[in-house]
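> turn this into a model:
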Amino acid sequence: MKIKKIQVTVTSGKSYGHVPGHHYHDVEVSIERKPNGRWMVDILETWGNNQGYDEEQGKRQVIGRDATLDAAVERAERLAMAAGIEKSFLAQSLSQAASEAEE
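Down below sits the predicted model:
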């Protein structure tokens, strides 16, 4: 039986962050199930300001991989917390992405 590839991306962040004159802060979570059945959870946090265009001032990225979705999410979340990724945006993006990946 061929395993269905799954790919989901969700971003949470500061309201109005990408509007000129404002600071932005985003946490993007991408979840992918590879054709071999293994799961990958990629978490990317970026922040900066918008001067008519986004000017990135920093970013952090972690990737969790495992044989099951739950294990990959748990691993990525542990790595994100250790890296200091913003907790509320992480929780929101991770929860929504994991829910969509399970469907």
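
> could I have the CA atoms of stretch 54-63 written out in PDB?
Extracted C-alpha coordinates of stretch 54-63, given in PDB (Å, rounded to 0.1, in the frame of the first residue of the first chain):
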ATOM      1  CA  ASP A  54       9.600  43.100   5.800                       C
ATOM      2  CA  GLU A  55      13.100  43.600   7.300                       C
ATOM      3  CA  GLU A  56      14.000  40.400   9.100                       C
ATOM      4  CA  GLN A  57      16.000  41.000  12.300                       C
ATOM      5  CA  GLY A  58      16.200  37.400  13.500                       C
ATOM      6  CA  LYS A  59      15.100  33.800  13.200                       C
ATOM      7  CA  ARG A  60      15.200  30.400  14.900                       C
ATOM      8  CA  GLN A  61      14.500  27.100  13.300                       C
ATOM      9  CA  VAL A  62      14.100  23.600  14.700                       C
ATOM     10  CA  ILE A  63      13.100  20.300  13.000                       C
END
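
> for that stretch, buried residues please.
The neighbour-count criterion (16 or more other C-beta atoms under 10 Å) identifies 60, 62 as the buried residues of stretch 54-63. The C-beta positions use only the backbone N, C-alpha and C, and glycine is treated the same way.

> averaged pLDDT, that stretch. What do you get?
Mean pLDDT, computed over stretch 54-63, is 96.

> which residues touch it?
With contacts defined as C-beta atoms under 8 Å, 6 or more residues apart in numbering, stretch 54-63 is touched by 18, 24, 40-49, 76, 79-80, 83-85.

> tell me the SS of the residue sitting nearest the centre point of the chain?
Against the mean C-alpha coordinate of the chain, by C-alpha atoms, centre = their mean, the closest residue is residue 29 at 1.6 Å. Taking DSSP: H, G, I helix; E, B strand; the rest coil as the rule, one finds residue 29 in the strand state.
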